[in-house]
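Asker: got a predicted structure here, sequence first:
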Amino acid sequence: MKLLSASGLLLLVACSRGSYQHEDAPSGSGGGASTPDLPENAEFALGAEFDGPCERSDAIDVNLGNAPESFVRAAYCQVNGVEPDAAVVSDWSQKLRTVAYVRRVDVVRSLCEAAARTCTLSYSDPWQEQVSLTASCQRTGTRDVGAVLMFWSDCPNGANCTMDWANTHTSGMNARHALFGFGDVAAGFYNPDNPGFWRRELLDARWAGMQFLLPNTYGPDMAELPVLVDALDDIGGGIQIGMFDDTWGWGRGDSPPWNQQPNMADVENSAQLIYQNKWKAFFQAIPEQYWYRVQERPFIYFYNAGTLKPQDQSSGVIARMKQLFAADFGVEPFVAVDHAFFADDNTVNVADSEFTWNTFSGNAMSLTNHHGVSHAHFMAKWDSLGRDSKGTIADGGDRIIKGPELLQQYLDASSTANVAVVATWNDLGEGTGINRNYDYYHQGQWLAPNHFLRVIRDAQCSN
C-alpha cells in the first residue's frame with residue numbers, strides 16, 4: 001500500500017454505535033462457537049525442545065528449537081551436519097535476545113550463506129496444538145476497536161501465501177488445518193473462498209474484544225463477501241463489518257469497470273463509477289444487521305493509493321457518493337477519509353473523520369476529531385522485507401517491528417477515543433498483521449499465537 005504522512009492530534013468527543021449485539025451460545029449448543037477436535041480457550045503450550053541429533057537436512061526448518069541456543073544449534077546442524085562452535089551459538093543467541101531487527105530466518109540465511117549453500121526453508125508449528133478461542137468478552141470502556149482485514153490470501157502457494165514471503169505464518173497456508181474447517185468440512189486452507197477462513201478470523205477478533213473488521217476491498221474480490229456472510233451467520237454475529245475501500249485497483253483490471261481510472265474532477269461520472277461498483281455492491285452483500293456503524297451510520301474507510309486524481313478535487317466525489325448511498329439505503333454513511341484527500345480544502349467539510357495510513361512516517365498515532373468523533377488509527381508491527389526484498393537478511397536500516405510494545409502503547413494512548421483502527425489484522429507479507437500466527441518470536445522467545453489478541457483483550461475486556 002502507498003504510505004502517507006502523519007495527522008495532527010485533536011480533541012476527543014463521544015459517539016454512538018450500532019445496536020446489534022452477539023448473544024453467546026453455550027459450547028455445543030450451536031452458534032458455531034467451538035471447533036471440534038481442538039481444545040477450547042486453553043493456554044498454548046510449546047512442543048518439546050530440540051535435543052538433536054545433529055544432522056544435515058535438505059530443507060531447513062526455521063522454527064526448530066525454542067530457546068535461542070537450541071534454535072541456533074538446530075539451524076547450524078541442519079545446514080552443516082556438524083555441531084556449531086560455542087562462539088557461533090553464543091553470538092547469534094545474544095543477537096536474537098537483544099537486537100530488535102534480527103529474525104530467526106536471518107540467522108538461518110546467514111548460516112546458509114556462510115556455508116555457501118542455497119537453502120530450501122520450511123516453517124513447522126512449534127506449539128503442541130492450536131486452540132479454539134471462543135470465550136466471551138466482558139467489555140470495559142466505550143472505545144470500539146477494529147482492524148483492516150486483508151482477504152486475498154490464495155493459499156496454498158498463491159498470492160499472499162508463499163511461506164518464504166512472510167516472516168510469520170498462520171496455520172492453513174500450506175496444508176489444511178482444523179482451525180479453518182467449516183460445517184461438515186473438518187479442515188481447510190487460509191483462503192477467503194473457504195468460509196472457515198472468515199469464521200476463524202471473526203472468532204479470534206471477537207475473542208480479542210474487537211467490535212469490527214474492515215475487509216480490504218479492491219473491487220473484483222467482492223465475490224467473496226457471501227462467504228463472509230455465511231461465517232457471520234455461523235458464529236451468531238457478535239462482531240460487525242465496515243468497508244475499507246482500497247482504491248489501488250482502479251485502472252489496473254483487465255475488464256470493466258476495473259480497467260477504468262476515475263477522474264476526481266469529473267464529479268458525477270466518478271462518483272457513480274465508484275459508488276455503484278464498490279460502495280453499493282459491498283453493502284448490498286452484507287446484511288444490515290452486520291453493518292458496523294458510527295453515530296448509527298455504516299462505516300466506510302476511504303483509502304488513498306495514489307490512483308484517484310486530482311486529490312485536490314476530491315471533496316465533490318466523496319460528497320456525491322454519500323448522497324447516492326443515502327438515497328439507496330436511507331442512511332448517510334460515516335466516511336473516514338485518508339489524509340491525502342484533504343489536499344482539497346473542502347474535504348474537511350464532507351469527511352466524517354480523517355486518518356493517516358502509515359503512522360511510522362511520523363512516529364505517532366493518527367488521532368483526529370471531526371464532528372464529535374475521536375478516531376485513532378495506527379500500525380503496530382512491520383516487516384516488509386519478504387514483499388520488497390525476498391531473501392534479504394535484515395539489518396539496522398530496515399524497519400523490523402516484531403513485538404507488542406507499539407500495540408500496547410497505542411492502545412493506551414487511544415483509551416479515550418471513540419474508534420480505534422489497527423492497520424492491519426492480517427497482512428502477511430508486510431508483517432503488519434496482529435492476527436493468530438504460530439511463529440511470533442521476540443527477544444529470544446516464542447510469543448503465543450494469540451499474543452497480540454491477548455494485548456487487545458486485556459485492554460478491552462475485564463475477563
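Answerer: Alright, I've got the coordinates. Numbering: from 1, shown residues only.
Asker: confirm residue 320 sits in a strand?
Answerer: No. Under DSSP: H, G, I helix; E, B strand; the rest coil, residue 320 falls outside any strand and is assigned helix.
Asker: give the closest residue to it in space, chain neighbours not counted.
Answerer: If the residues on either side of it in the chain are set aside, residue 320 comes closest to residue 271, at 3.7 Å by Cβ to Cβ, 6 or more residues apart in numbering. Where you see a C-beta, it was placed from the backbone N, CA and C, and this is true even at glycine.
Asker: what about the one you found, distance to residue 277?
Answerer: Going from residue 271 to residue 277 by Cβ to Cβ, to the nearest Å gives 11 Å.
Asker: between those two, which one's more packed in?
Answerer: Between residue 271 and residue 277, counting by other Cβ atoms under 10 Å, residue 271 is the more crowded of the two (22 against 18).
Asker: so the more buried one sits right up against residue 324, yeah?
Answerer: Yes. Here residue 271 lies in contact with residue 324, judged by Cβ atoms under 8 Å, at a distance of 6.6 Å.
Asker: which SS state does the residue nearest to residue 320 fall under?
Answerer: Judged by three-state DSSP, the three-state class of residue 271 is helix.
Asker: and residue 38, by the same measure?
Answerer: Per three-state DSSP, residue 38 ends up coil.
Asker: now do it, the pLDDT please.
Answerer: pLDDT, residue 38: 94.
Asker: check the one 4 residues further on too.
Answerer: pLDDT, the model's per-residue confidence, is 97 for residue 42.
Asker: same deal with residue 160?
Answerer: Model confidence at residue 160 (pLDDT) stands at 87.
Asker: thought residue 151 was touching it, still the case?
Answerer: No. Counting by Cβ under 8 Å, residue 151 is not a contact partner of residue 160; they are 9.3 Å apart.
Asker: quick one: which of those two has more around it?
Answerer: Comparing residue 160 with residue 151 by neighbour count (other Cβ under 10 Å), the higher total belongs to residue 151, at 24 against 21.
Asker: circling back: tell me the contacts of the residue nearest to residue 320?
Answerer: In this structure, residue 271 makes contact with 316, 317, 320, 321, 324, judged by Cβ atoms under 8 Å, 6 or more residues apart in numbering.
Asker: quick one, helices of the stretch 51-200 of the chain?
Answerer: Ranges of helices within the stretch 51-200 of the chain are 68-80, 86-98, 104-114, 195-207, based on DSSP state H, counting those that start in this stretch.
Asker: out of those, deepest packed?
Answerer: Relative to the other members of the helices of the stretch 51-200 of the chain, helix 195-207 carries the highest mean neighbour count by mean count of other Cβ atoms under 10 Å, namely a mean of 26.
Asker: could you chop this structure up by domain?
Answerer: Per automatic domain parsing, the domain ranges recorded for the chain read 59-122, 144-460.
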